[in-house]
Every structure is written in structure tokens, then in C-alpha cells.
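>>> I need the structure of the sequence given here:
(2 chains)
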Amino acid sequence: MKYFLFITVGLIMLVSACKKEKNTASIEMYQPSNFPPAVYNFSTNPVTADGFELGRRLFYETKLSRNNTISCGSCHQQFAAFSHSGHIVSHGIDDLLGKRNAPAVMNMAWSYDFFWDGGVHSLDLVPPNPIKNPVEMDEQFSVVLDKLRATTEYPALFKKAFGSEEINSVRFMQALSQYMNRLVSANSRYDKFVRNEGGTLSAQELEGRDIFNNKCSGCHGTDLFTDRGFHNNGIQSSVTDSGRYLVTLDPTDIGRFKTPSLRNIEKTAPYMHSGKFPTLQSVLDHYSQGVHSTPTLDSALIVNGQPGIPMSSDEKAKIIAFLLTLTDNDFITDPRFSE
Amino acid sequence: MKSIYNILVAFVLVSTFSLVSSCKKDDNTPKGNGPVTLHFDNRFGADDLVLGTTYTNQAGEQLAISTFNYYVSNIVLVKEDGGEYVVPKDECYHLVREGVDSTYELELENVPAGNYNTLKFIIGVDSLKNASPVSERTGDLDVATTASDMYWTWNSGYIFYKIEGTSPAAPYDSMMGASMFYYHIGGYGGYSSATINNIRNVTISASESAIVGEGKNPEIHIFADAKEVFDSPSLLSIAAHPGVMFAPFSTTISDNYKDMFTINHIHND
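Residues are numbered from 1 along each chain as shown, chains lettered A, B, ... in the order given. This is a model prediction of the structure:
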């Protein structure tokens, strides 16, 4: 028994030592071969090991909030693919509730715009949103920088990342972008299958893939599993959240929201901008029977003059089986991304 | 011997050349480059604008202003003969904030000599800068500090013009304990989808000229009349529009504030 324990501990040490070595060597940004090209402009802000590390610290830093209780990681949990597990909407500072479901933070470098309504066009400009939002962190951005300047560790971390101890808004946002950009999820069983890296899909999962490609990939296309566009998918019977319209003031955008990626979908429940659906089954039931017809409903969701996409329960089961192959356990357990 | 001759020739050539170029320099020096100060003086009609003072707008509504901020940028100085000097863009993104004296003056350096009588600029921040990388958002454009209350985080873009205050014509806000009106006007046309554009071009002239050159230090004294936003071309009533932010009606307000600037006078001391 003692002997067994010894070997186990030794193995763990060996594994963690290996992982540690991997840490510094492989933090640079990479392009998965089955993804379309990244769209973030890395020439303005390349991912470096020290910038990434500073960004990671900032991501888990509660000093970003007014009363030092909330970090980015509070509502973007790694085990939930950096979404907020089980929360329809998130509770921020003083347990105040947000108005939309916290989206998963992954593959950000492939995103043209951010948030459900796409109101932010650069990843660098994302952090001031939760910081200043009165129901999220409710803090002044300048005060956050002052708090970081007053610490013993951050000036040194900024120096490592940017060459001097100066802490300013540009460096702060760029460091967080370096961390978030590096949150690449491209190692699911599905990925290993399509890249011929030894992953296999069962007959049911392959059938599910065909049905998915036939019925879902119009919006959830490419290996990002999103067209990165905005659609009204009929989840509001009368529009209470205007979505993309708030950003463009274009009436055709009323009730449109950004198509989320379906990667790690097993881990990012509840679903939709409103967190309305707790399970993948309830999502597919919505698409087959629950689609509300409002003036801006996406034309892809009207089949033979009826709202919704016809699907049998067997087809739904196969689609779900396929979707579960998109879970990337390497990503959600990678210690480099952890607090 | 020959080599000494060569050195002599070279010496003569070099000294002649430097003589000529120094003469050229002398020819230009009297004019040279010099500074121009733009002084922004906020008004309410005939009065100096003082925060908290009660004024009456064109609709006959009483109001007291608590915030009056605006961006100017993309400044061009025009000479009497029509020649233009385009101020380098990054030297002239400027936020004027009523109540903060240091924001009233913008000093432009190294302006080529000339007699300038016209000023062109935009109210707001151009679309290119609104879409620029964060590394180019410093100084008056720093979203963490100077620009923090002049920037929409949720719909990335600068607020060009912000006026807030109290008025009996506005609905009572129980949270604030006051009857508040507020106009936060921005919108640069949209990044990936077209939307409202509240950037407005201003051209203002004076009957006199700012004389710019080495040793000169002219100041152009500009009036910005907050009353203008309520007056024309559209009469704006607080009762009808107590709060306007990112909404179609905002273009009516920007069409009004487009005309709020005049050159009152120029100092050539």
C-alpha cells in the first residue's frame, strides 16, 4: 500500500514537472489547422509568456471590482469553458444580477466582435465593460490601475511584460487580451478526429454530425461552430431585449444576437442570451417546436412556411451525441489557464 | 602638391555650400514656425457659462447645467489666402470640460508662419480613431482616465458632446433626488454595421487674423454657446426630450450643436 502511494505521488510529480516544462515552452499563440484564420491583429499586441502571465493574474484579480470581491474568473469559470456554470444570468457585485448570460471566453482571436450584441469591436476594449458595469464590478478603471500600482507585485509583473513598471490602461488591456487570446480550445475528440490525430467518432456521433451539418451549420458553421453573425432565433415571443438593434439602431436588427460557438457546449449551460434553456434537449426542442415568429425571425428558421426546424427525437439524440464530442477536456483543465 | 590642391578645392566648395545654405536659412528665419493657442470659452447665450447657474432656454424652460464637455479634433488652420495647415491629428484630440480650467486651452506647436483667419475642426472623434488599436488611445482619449466618462464601453465609441443638468421641465428622478436632463451624444457611423454619425464639421472665421511665426504667440478666443443646442435649427425642449443618448433623435442635437462655435476675437500680443 505504502509502495503504491509512493509510486502514485512520484507519477504525479513527474507529470506536473513535465507540464511545468511545457508551460514556458508552448505559451505562444497558435493557429489550429482546422480553424479559419485568426482575426485579432497580433502585430499590435503579440502574445508573450510574460504578457500572458500578467493577463492571467489580472483575469483572476478581485481588485478589478469596487469592493475587491469579483474577478473576471468569478463569472468565467475554466471548468465551464470560461462561462458561468448553472447561472441564467450572473450575480456580480453585491449579488446584483446582470441582464444577459455570461458568454464563454474561448477562441477570442477568431471573433470579430464581442458580447451578445457585438457592441465591442476589439478584444482589447472588452475589459472596461465588466469593470464599469454597476452590476458586475462597479469600479472606475482609473481606480483599478491605482490599486494595482499600490501593490508590491504588479509593477514588477508589468515590467516583465512591457519593459517598465508603468501601469497604464493600454498595457492593462493588452495583457488581458494576451491571456484571453491564448484561451484556444481546439483539442476536443471531434478536433482529433477531423485532424486525423487518433480521435474517433461513433456511428451515432457521425450520424449526428450529418444531421447537424444539414440542419444547424447554416449558423453554426466552420470548425468555430459559429458564423459570427447576428440572428433572431425566435426565443422571444415579444421582444424585451432588442439585442443587436441597441448597437446599430437598424430595425432589422431587433431581437438579433450573436451566434455563439458550440464548442464545449456540454459545459456552458444554460443556453441563449437570456440563459433560458437549461439543457441541450430543451434547446433542440425550442428549434423544432418553440420558435416564435416575430418580424425579424431568421429566414433559416422558417421551413415550409412554418417557424422552426423539423427534427425527430432520434435526430435530436444524435445531434446531442455529436455536440458532446466538442468538449475539450484539455482546455478546461489546462493548468496554465487556471487561477 | 596635387593633394593639397584637392584639399583646398574641397575646402572652398564645402565652405561655399555652407555659406549658401546658411543664407537660405537666414532668408526663411523671419517667418519660421510658431505656436497658436486655441482658447475655448463656454457661454450660455450672452452669459459666461457657470455650472449650477440657472438659465432659460429658447423653449422658455429653466435649467442649470452640471456637466458640459465636448471633444474637438482634426483641426485645420486656414490662411487669408486660403492656404491650409493641417494640424497633425494626434496633437489635437482635445476634450474641453467646463469647470476644469486646464482644458480650456489647446496649444498648437510649430505652425508655419502666416496670417490665419479661419479655423476648421470636427466636434467629436473621427471614425478612424474610434476604430484604432488601444495603443493609440492615450492622453485625452485614454478610456481609463480622461475619457472615462466620455466613452461608451458597451458600444465602443467616444461620446462627443455631453450636457447634463437639472430643470423643472424634466421628470423627477427619485434615485437622483432631482429633475435631471442629459444629452450624451456620440456615434461615428459604426464599425461593421452602419449606424448614426454625429461627427459634425465646423468652419469659423474671424475678421482679423492670427499672425503666426517665430517669436509670435497669438491666441484665438473661441466662444462655445451651450444655449445653441436648444435653439436652432431645431427647437429642443427638455420637457419633450429630457434624456437623449444613443438614439436616432441624437442627430437633431448634433445638428444643433454644430453651430455653437464662433471666433470672438484674436490676441496678437
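>>> what parts of chain B come near chain A?
B:131, B:133-135, B:137-138, B:142-145, B:148, B:151, B:153-156, B:190-196, B:246-248 (Cβ under 8 Å from any Cβ of the partner chain). Backbone N, C-alpha and C define where each C-beta goes, glycine included.
>>> where do the helices of chain A begin and end?
A:2-25, A:49-59, A:72-75, A:128-132, A:141-149, A:154-162, A:169-181, A:189-194, A:203-215, A:245-248, A:280-285, A:313-323, A:329-333 (DSSP state H).
>>> can you add distance to chain B and give the ones you listed back as CSV?
As requested, the helices of chain A are exported to CSV (distance: least, Cβ to the nearest Cβ, whole Å):
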stretch, distance to chain B
helix A:2-25, 26
helix A:49-59, 13
helix A:72-75, 15
helix A:128-132, 4
helix A:141-149, 4
helix A:154-162, 11
helix A:169-181, 3
helix A:189-194, 28
helix A:203-215, 27
helix A:245-248, 4
helix A:280-285, 26
helix A:313-323, 28
helix A:329-333, 26
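>>> how about JSON lines for the ones you listed, with distance to A:Asn232 added?
Formatted as JSON lines, those follow (distance: least, Cβ to Cβ, whole Å):
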{"stretch": "helix A:2-25", "distance to A:Asn232": "43"}
{"stretch": "helix A:49-59", "distance to A:Asn232": "32"}
{"stretch": "helix A:72-75", "distance to A:Asn232": "26"}
{"stretch": "helix A:128-132", "distance to A:Asn232": "23"}
{"stretch": "helix A:141-149", "distance to A:Asn232": "33"}
{"stretch": "helix A:154-162", "distance to A:Asn232": "42"}
{"stretch": "helix A:169-181", "distance to A:Asn232": "28"}
{"stretch": "helix A:189-194", "distance to A:Asn232": "28"}
{"stretch": "helix A:203-215", "distance to A:Asn232": "18"}
{"stretch": "helix A:245-248", "distance to A:Asn232": "10"}
{"stretch": "helix A:280-285", "distance to A:Asn232": "16"}
{"stretch": "helix A:313-323", "distance to A:Asn232": "21"}
{"stretch": "helix A:329-333", "distance to A:Asn232": "30"}
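>>> weed out the non-buried ones from the residues of chain B next to chain A.
With burial judged by 16 or more other Cβ atoms under 10 Å in any protein chain shown, the buried subset of those is B:131, B:133-134, B:137-138, B:142-145, B:148, B:151, B:153-156, B:190-191, B:193, B:195-196, B:246-247.
>>> from the residues you listed, which land in strands?
Within those, residues falling in strands by DSSP state E are B:Tyr151.
>>> tell me the residue of chain B that sits nearest chain A?
B:Ala144 (3.4 Å; Cβ to the nearest Cβ).
>>> ok, now which ones touch the nearest residue to that residue once chain neighbours are set aside?
Sequence neighbours aside, A:Ser169 is the residue nearest to B:Ala144 in space, at 3.4 Å (criterion: Cβ to Cβ, 6 or more residues apart in numbering or on different chains). By Cβ atoms under 8 Å, 6 or more residues apart in numbering or on different chains, the residues touching A:Ser169 are A:141, A:145, B:134, B:137, B:142-145.
>>> about what we covered before: most tightly surrounded among the helices of chain A?
Highest mean neighbour count among those (mean count of other Cβ atoms under 10 Å in any protein chain shown): helix A:169-181, with a mean of 25.
>>> can you pull the alpha-carbon coordinates of it into CSV?
The C-alpha coordinates for helix A:169-181 follow below in CSV (Å, rounded to 0.1, in the frame of the first residue of the first chain):
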residue,chain,number,x,y,z
SER,A,169,-4.8,51.4,-19.4
VAL,A,170,-3.2,50.3,-22.7
ARG,A,171,-0.9,47.8,-21.0
PHE,A,172,-3.7,46.6,-18.8
MET,A,173,-6.0,45.9,-21.7
GLN,A,174,-3.3,44.4,-23.9
ALA,A,175,-2.2,42.0,-21.1
LEU,A,176,-5.7,40.7,-20.6
SER,A,177,-6.0,40.3,-24.4
GLN,A,178,-2.8,38.2,-24.4
TYR,A,179,-4.3,35.9,-21.8
MET,A,180,-7.7,35.7,-23.4
ASN,A,181,-6.3,35.3,-26.9
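>>> and the strands in the stretch 51-200 of chain B?
B:54-56, B:62-79, B:84-86, B:94-97, B:105-112, B:114-123, B:151-152, B:157-166, B:172-173, B:178-186, B:200-212 (DSSP state E, counting those that start in this stretch).
>>> distance between the longest one and the chain's centre?
Averaging C-alpha coordinates over strand B:62-79 and over its chain gives two centres that are 6 Å apart (Cα atoms, centre = their mean, to the nearest Å).
>>> strand partners (parallel or antiparallel) of that strand?
Sheet pairing of strand B:62-79 (DSSP bridges) gives strand B:54-56 (antiparallel), strand B:84-86 (antiparallel), strand B:94-97 (antiparallel), strand B:114-123 (antiparallel), strand B:157-166 (antiparallel).
>>> hey, which of these is tucked in deepest?
Highest mean neighbour count among those (mean count of other Cβ under 10 Å): strand B:157-166, a mean of 23.
>>> what's the angle between that strand and strand B:200-212?
Going by axes from the mean of the first three to the mean of the last three Cα atoms, to 10 degrees, strand B:157-166 is angled at 90 degrees with respect to strand B:200-212.
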